[in-house]
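K.L.:
quick one, structure for this:
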Amino acid sequence: MTSIPTLAAASLRDRATAVALECDHRGESHQFTFGEIDARSDRLAHVLAARGLVAGDRLAFYLANRLEIVDLWLACAKLGVIVVPINVLYRDREIRHILGDAEPKAVVTTAEQAAEFPAGTTCWMVDALDTEADAAPRAATVDGLSEATPAALVYTSGTTGLAKGAILTHGNFTSNAEALVREWRITATDRYLAVLPLFHVHGLGNGVHAWLASGCHMRLRERFDRATIVGEFDAYQPTLFFGVPTIYHRLLECDGDTARRIGQHTRLFVSGSAPLPAQVLETFHAAFGHVILERYGMTETLMNCSNPYAGERRAGSVGPALPHVQLRVRDEQGADLTDDALGELWVRGPNVCAGYWKRPDATAAAFVDGWFRTGDIGVRAADGYVTLHGRRSDLIISGGFNIYPREIEELLLEQPGVREASVVGVADAARGEVPVAYLVTDGPVDEARLRAALASQLASFKSPRAFVRVDALPRTALGKVQKHLLPKWEG
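P.N.:
Numbers count the residues shown, from 1 in each chain. The predicted structure follows:
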């Protein structure tokens, strides 16, 4: 473990003349060497310091993917300033909470997006900062940075209450990057097509830091765009692509020739941030010639598990724990469970956050003797492969029986015409809770057929009380279903 500037130095300085990044900047496509990226972040660090920022201060950004996020991240890392990414889909309530909790000195955003912030918020316009940095001298990295230095406050999605700020340190990011580069065999010869949002740890913690640690080439795009993605693959010919299940679902719309063409030059497709349906993995393999590598992480821990680069990528599994992560499956009392027993995943390692910002109660509840309680329910097989069964908070207890929604969702997704499925528990006077399934389908829901299919494979108490057809499932920017936003079922 080390600091982010030390991790990045191998690329920014040792590979200074190599082309590092291709992206749109000031209305045109540009390429930047690692040396130029280093210089840009040094000059921005000088500007930020001149505006009064010192180590330990918080600086937020509210931006779609662009070069200046990379500049900002590196500049703040060099100064010891704590970055607070804000999801660009967030609006008044969510924004006010983060501003009040993190208390950033300013928010870096655009003139148009500044209108989303409450009156009195100090907003620094990203274009003005960029122009000011053009003429600034280079600033030196501050002394005293270590793996324990906080690098970011990243807020959880807050689906069960107000979002908490996970304190992610320099060591969290660097240990995670070193592990992924090693385990996924990322080298300077790779070409990484980056379409995931950089306000999220998937795009920032995995993507940007794997790029910095390996010295590979990155093409940064504002977002995943189904209308242009085939052209991106054809023109750039990436070897490395990180996505979420909804992205892979959209890629399956490609015709056979296009899918085979994309698969010929891309060596690794990775999926995370939400469960990958086994059906998508198998269909993608048939069309693109690649088995998507599914892994498991979370805001508070970055990456915990990964299917192997060389070896079985098991459908429905997130693979074994990564080498730097210790993982246990435990019961509600914290006792270790045997292989193949269902329980909560506890993890420990250099990837785990330092706690929750200004939330000693939440920190104490989540950490027990150095172990982090993930809140995720899963099973570990004898060979170490972990299969997730959902969040502890998603557990449905019906008539005294435990029901894990993902088991039902996976079976529903195997049924013809079912494109998306989400199962939630609703109150029931007799049983306490009963499952209800929300479906996105190609046509009317054939309830009798669905019940018959489920009855052949599941216990009767797991059969949904109702099947509700919806146009779309509410999701976060990274594709995670927000079950609390589903329409209320009136039984």
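K.L.:
please enumerate the helices of the stretch 251-400 of the chain.
P.N.:
256-265, 278-288, 360-366 (DSSP state H, counting those that start in this stretch).
K.L.:
among those, which is nearest His389?
P.N.:
Of all the helices of the stretch 251-400 of the chain, it is helix 278-288 that lies closest to His389, at 13.6 Å by Cβ to Cβ. (C-beta placed from N, C-alpha, C; glycine too.)
K.L.:
what's the closest one in contact with?
P.N.:
245, 248-249, 251-252, 254, 256, 259-260, 262-263, 266, 269, 290-292, 294, 313, 315-316, 410, 413-414 (Cβ atoms under 8 Å, 6 or more residues apart in numbering).
K.L.:
and what of stretch 241-261?
P.N.:
Stretch 241-261 is contacted by residues 192-196, 202-203, 206-207, 224, 226, 229-230, 233-234, 262, 266, 268-277, 280, 283-284, 287-289, 292, 419, 475, 478-479 when judged by Cβ under 8 Å, 6+ apart.
K.L.:
straight-line length of that stretch, end to end?
P.N.:
15 Å (Cα to Cα, to the nearest Å).
K.L.:
pLDDT on that stretch, on average?
P.N.:
Mean per-residue pLDDT for stretch 241-261: 94.
K.L.:
list the buried residues in it.
P.N.:
Of the residues in stretch 241-261, those buried by neighbour count under the rule 16 or more other Cβ atoms under 10 Å are 241-249, 251, 254, 258-259, 261.
K.L.:
repeat that for stretch 261-279.
P.N.:
For stretch 261-279, by 16+ other Cβ under 10 Å, it's 261-263, 266-279.
K.L.:
where does the protein dip in pLDDT?
P.N.:
Applying pLDDT under 70 to the chain picks out residues 1, 157-161, 400.
K.L.:
how is it divided into domains?
P.N.:
With domains defined by automatic domain parsing, the chain comprises 4-223, 395-485.
K.L.:
tell me the most buried of those domains?
P.N.:
Most buried of those, by mean neighbour count (mean count of other Cβ atoms under 10 Å): domain 4-223, with a mean of 19.
K.L.:
for that domain, how far is the first residue from the last?
P.N.:
Terminal residues of domain 4-223 lie 25 Å apart, using Cα to Cα.
K.L.:
centre of the chain to that domain, how far?
P.N.:
The chain centroid and the centroid of domain 4-223 are separated by 15 Å under Cα atoms, centre = their mean, to the nearest Å.
K.L.:
same question, stretch 431-442
P.N.:
Mean-position distance between stretch 431-442 and its chain equals 26 Å (Cα atoms, centre = their mean).
K.L.:
which helix or strand contains Ala16?
P.N.:
Taking DSSP states H and E as the definition, Ala16 sits outside all helices and strands.
K.L.:
which one is it nearest to, not counting chain neighbours?
P.N.:
If the residues on either side of it in the chain are set aside, Ala16 comes closest to Gly35, at 3.2 Å by Cβ to Cβ, 6 or more residues apart in numbering.
K.L.:
tell me where the stretch 351-491 of the chain has strands.
P.N.:
367-368, 371-380, 386-391, 396-398, 401-403, 418-428, 432-441, 466-469 (DSSP state E, counting those that start in this stretch).
K.L.:
in its sheet, which strands sit next to the second one, and in what direction?
P.N.:
Strand 371-380 pairs in its sheet with strand 343-348 (antiparallel), strand 367-368 (antiparallel), strand 386-391 (antiparallel), by DSSP bridges.
K.L.:
pull the distance from it to the chain's centre.
P.N.:
Centroid displacement of strand 371-380 relative to its chain, using Cα atoms, centre = their mean, is 17 Å.
K.L.:
check the third one too.
P.N.:
Averaging C-alpha positions (Cα atoms, centre = their mean) puts strand 386-391 16 Å from its chain's average.
K.L.:
give me the angle between that strand and strand 418-428.
P.N.:
Angle between the axes of strand 386-391 and strand 418-428 is 50 degrees (criterion: axes from the mean of the first three to the mean of the last three Cα atoms, to 10 degrees).
K.L.:
hmm, back to that, could you point out which element follows the helix or strand hosting the residue nearest to Ala16?
P.N.:
Here Gly35, judged by DSSP H and E, is contained in helix 34-50. The helix or strand immediately downstream of helix 34-50 is strand 58-61, counting by DSSP H and E.
K.L.:
ok, Tyr90 - contacts?
P.N.:
By Cβ under 8 Å, 6+ apart, the contact list for Tyr90 reads Tyr62, Ile98.
K.L.:
that one should be in a strand, yeah?
P.N.:
No. Counting by DSSP: H, G, I helix; E, B strand; the rest coil, Tyr90 is not part of a strand but coil.
K.L.:
separation between the most centrally placed residue in the chain and Val84?
P.N.:
Closest to where the C-alpha atoms of the chain average out (Cα atoms, centre = their mean) is His202, at 3.3 Å. Distance, His202 to Val84, using Cβ to Cβ, to the nearest Å: 17 Å.
K.L.:
which non-adjacent residue is nearest Leu478?
P.N.:
Ser273 (4.1 Å).
K.L.:
report the contact partners of that neighbour.
P.N.:
Each residue near Ser273 by Cβ under 8 Å, 6+ apart is listed here: His200, His202, Val244, Pro245, Leu478, Gly479, Lys480.
K.L.:
in stretch 365-379, what's buried?
P.N.:
Ala366, Phe367, Trp371, Phe372, Arg373, Thr374, Gly375, Asp376, Ile377, Gly378, Val379.
K.L.:
now distance to Ala128 too, for those, in a markdown table please.
P.N.:
Below are those laid out as a markdown table (distance: Cβ to Cβ, whole Å):
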| residue | distance to Ala128 |
| --- | --- |
| Ala366 | 39 |
| Phe367 | 41 |
| Trp371 | 46 |
| Phe372 | 40 |
| Arg373 | 44 |
| Thr374 | 41 |
| Gly375 | 41 |
| Asp376 | 42 |
| Ile377 | 48 |
| Gly378 | 47 |
| Val379 | 52 |
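K.L.:
quick revisit: distance to Thr174 added to the strands of the stretch 351-491 of the chain, as CSV?
P.N.:
CSV is the format used below for the strands of the stretch 351-491 of the chain (distance: least, Cβ to Cβ, whole Å):
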stretch, distance to Thr174
strand 367-368, 21
strand 371-380, 18
strand 386-391, 24
strand 396-398, 39
strand 401-403, 39
strand 418-428, 36
strand 432-441, 40
strand 466-469, 45
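K.L.:
nearest to Ile69, out of the ones you listed?
P.N.:
Closest approach to Ile69 among the strands of the stretch 351-491 of the chain is made by strand 371-380 (27.5 Å; Cβ to Cβ).
K.L.:
convert the C-alpha atoms of the closest one to CSV, please.
P.N.:
Output in CSV follows, covering the C-alpha atoms of strand 371-380 (Å, rounded to 0.1, in the frame of the first residue of the first chain):
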residue,chain,number,x,y,z
TRP,A,371,-14.2,-7.1,10.3
PHE,A,372,-16.6,-5.2,8.2
ARG,A,373,-20.2,-6.5,8.0
THR,A,374,-21.2,-6.1,4.4
GLY,A,375,-24.9,-6.6,4.8
ASP,A,376,-24.8,-9.0,1.9
ILE,A,377,-26.1,-12.5,2.2
GLY,A,378,-24.2,-15.3,0.4
VAL,A,379,-22.8,-18.8,0.3
ARG,A,380,-19.2,-19.9,-0.1
